[in-house]
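K.L.:
Need coordinates for the below:
(chains A, B, C and D)
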There are 2 protein chains.
Amino acid sequence: MTDTVASRRHVIADDLRSQISTGSFKAGERLPSEAQLAARYGVSTPTLRNALALLQAEGLVEKIHGTGNFVRHPLRRITYVGGGRTPSQAALHVSIRLTKLRARGHLATLLRVATGSPLTEFRCLSHDGTSPHSLAHIYVPRDLAPDDAPADPPWPQEVANLLPKPFPPLAEVQEKVSVRLPTPLEASLLRISPTLPVLAITRVATDTTGRAIEAALLVLPSDRTDAVFTTRLTTDERSADE
Amino acid sequence: MTDTVASRRHVIADDLRSQISTGSFKAGERLPSEAQLAARYGVSTPTLRNALALLQAEGLVEKIHGTGNFVRHPLRRITYVGGGRTPSQAALHVSIRLTKLRARGHLATLLRVATGSPLTEFRCLSHDGTSPHSLAHIYVPRDLAPDDAPADPPWPQEVANLLPKPFPPLAEVQEKVSVRLPTPLEASLLRISPTLPVLAITRVATDTTGRAIEAALLVLPSDRTDAVFTTRLTTDERSADE
DNA sequence: CAGTGGTCTAGACCACGAA
DNA sequence: TCGTGGTCTAGACCACTGT
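P.N.:
Take a look at the predicted model:
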């Protein structure tokens, strides 16, 4: 009752999908060329490409121009843990670029500082093995950030907590999650299709004095990412329920 | 340096996009038929349809089979507030369907109850004006849920807190956020394109005794939804940093 | 019924990647 | 260079919606 006559591209996509899941096509392997597949299924190339586009949207297939269509490795999902703490993804290689700039517009609003305030930007690109897995732009008020470029090797993605040691401790982390298409730059850095949406997380960390310590703009591929947030309600909040 | 020669569909999409934003095409209006647009831009119909597909992916245009392409109303974004409390979207009409069932598989795991335990399911479809805006399946252990069907009119989407009045208070809410394509059922209930991804939030609420009170599977259209999570760190957690 | 979008074809030509 | 995917065409036919 649900589907009547599935269109050809769906039939083909279903067939390819099952061949992938049964192992006829293995992870990392190249599929036959689109022309060959079109001939095999007796359809025109646009139709076959439509079928592949379905699989691509599901994250099962990766197209590489001039080279072929590849079965993607079963996606190792990354769990982003909210609340500031917990890198949780220990085994990620992170490359960092440090830039000094001044607060403007949206950024100044997020950090609640005056326009023109000095900031330090960390652009962090984390890799899981060979493939990139997340992109983060982290902004910290200049006086809280170390002046020297940080050591490159093992840096947790959650930076802010480590920086301000003798400062007032972290009190609150607010994270806004939304979904959008990646910018062309983001798509190329993360090596994802520009049509695959990303999880965009805007994170603002505040210390006990109410000062914003960090603003982070995180971009995570939506097909490989879960985000988990745990809220523990205090006794005060609970009694306020009545 | 970024884009060399944008493909025709992008040029067309850009043109239509600007015509929409400048008001040449107004919200809710029907666009000229695809054949007319194709003639106007001097391209074939598949090319023009590709351009429209771009706008559709951005949520700017809605296609209705046999009727036309329509400019979507500027999307009123819904903010989902994590942490259990705060309906926050007061002015939503919610229709609820109540079902009794028994825990199985994943659901039993989430609620940490034995397979076969009696549960009550609330299927909540919330509307914002005419258009549906969220779908929720909420599962509550049968002994915590009222036996009679709840009054239909104003029901906050966050149900669990209201149900168990004399029970141990809520202590912790854990929410897992992921992005996926909607099932055909979800797409039709939410009246969104099956190609537009949804935010899927799995929420488990636990009371002070550690018992799981509620498991909720929420589905929200990704182009109209932000989710905000605020984590307040307790003194204990802060001192554990050192 | 007429008009709309949905699917598909059989080819052409372009752009990219590897040898 | 050659094989790959990327874009586009001009038209056919089907499926849905409203009159």
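K.L.:
A:Pro141 contacts A:Ser117, doesn't it?
P.N.:
Yes - the pair A:Pro141 / A:Ser117 is scored as a contact, 6.8 Å apart, by CB atoms under 8 Å. No exception for glycine: its C-beta is placed from N, CA and C like everyone else's.
K.L.:
Now do the shared contacts for those two.
P.N.:
Common neighbours of A:Pro141 and A:Ser117 are listed as A:Leu111 (criterion: CB atoms under 8 Å, 6 or more residues apart in numbering or on different chains).
K.L.:
Go ahead and list the helix or strand containing the residue nearest to A:Val61 when sequence neighbours are not counted.
P.N.:
Excluding the flanking residues, the one nearest A:Val61 by CB to CB, 6 or more residues apart in numbering or on different chains is A:Leu55, at 4.1 Å. Assessed by DSSP states H and E, A:Leu55 sits inside helix A:45-57.
K.L.:
From the contact counts, what lies against that helix?
P.N.:
helix A:8-21, helix A:34-41, strand A:61-64 (3 or more CB pairs under 8 Å, 6 or more residues apart in numbering or on different chains; DSSP states H and E).
K.L.:
Looking at these, spot the one closest to DNA strand C.
P.N.:
Among those, the nearest to DNA strand C by CB to the nearest atom of the strand is helix A:8-21 (3.0 Å).
K.L.:
still on that earlier bit, and the residue nearest to A:Val61, how far is that from B:Arg180?
P.N.:
A:Leu55 sits at a distance of 15 Å from B:Arg180 (criterion: CB to CB, to the nearest Å).
K.L.:
Would you mind telling me which of those two has the busier surroundings?
P.N.:
A:Leu55 (22 against 16; other CB atoms under 10 Å in any protein chain shown).
K.L.:
confidence score at that one?
P.N.:
pLDDT recorded at A:Leu55 is 91.
K.L.:
same question, the one 3 residues further on
P.N.:
Reading off the confidence values, A:Glu58 has pLDDT 84.
K.L.:
And for the one 4 residues further on?
P.N.:
pLDDT recorded at A:Glu62 is 89.
K.L.:
next one: A:Arg112
P.N.:
Value for A:Arg112, per-residue pLDDT: 92.
K.L.:
so what's it up against?
P.N.:
Contacts of A:Arg112 (CB under 8 Å, 6+ apart): A:211-212.
K.L.:
let's see 6 Å
P.N.:
A:Ala212 (CB atoms under 6 Å, 6 or more residues apart in numbering or on different chains).
K.L.:
Next up, phi/psi of it, please.
P.N.:
phi 50, psi 50 (degrees, to the nearest 10).
K.L.:
what are the bridge partners for A:Val228, then?
P.N.:
A:Val81, B:Lys176 (DSSP bridges).
K.L.:
Please dump the helices and strands packed on helix A:45-57 into a markdown table; it should also carry distance to DNA strand C and mean neighbour count for every row.
P.N.:
Listed next are these as a markdown table, based on distance: least, CB to the nearest atom of the strand, whole Å; neighbours: other CB atoms under 10 Å in any protein chain shown:
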| stretch | distance to DNA strand C | mean neighbour count |
| --- | --- | --- |
| helix A:8-21 | 3 | 17 |
| helix A:34-41 | 8 | 15 |
| strand A:61-64 | 7 | 16 |
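K.L.:
Redo these as TSV? Include distance to B:Pro169.
P.N.:
TSV is the format used below for these (distance: least, CB to CB, whole Å):
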stretch	distance to B:Pro169
helix A:8-21	45
helix A:34-41	59
strand A:61-64	48
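K.L.:
Share the number of residues neighbouring the residue of chain A found nearest DNA strand C, please.
P.N.:
Here the residue of chain A nearest DNA strand C is A:Gly66; by CB to the nearest atom of the strand that distance is 2.6 Å. Neighbour count of A:Gly66, defined by other CB under 10 Å: 4.
K.L.:
go on, the one 5 residues further on?
P.N.:
Close neighbours of A:Val71, defined as other CB under 10 Å, add up to 21.
K.L.:
pretty sure it is touching A:Glu29, no?
P.N.:
Yes - assessed by CB atoms under 6 Å, A:Val71 is found in contact with A:Glu29 at 5.2 Å.
K.L.:
Tell me which stretches of chain A form helices.
P.N.:
Ranges of helices within chain A are A:8-21, A:34-41, A:45-57, A:105-111, A:184-190, A:235-239, based on DSSP state H.
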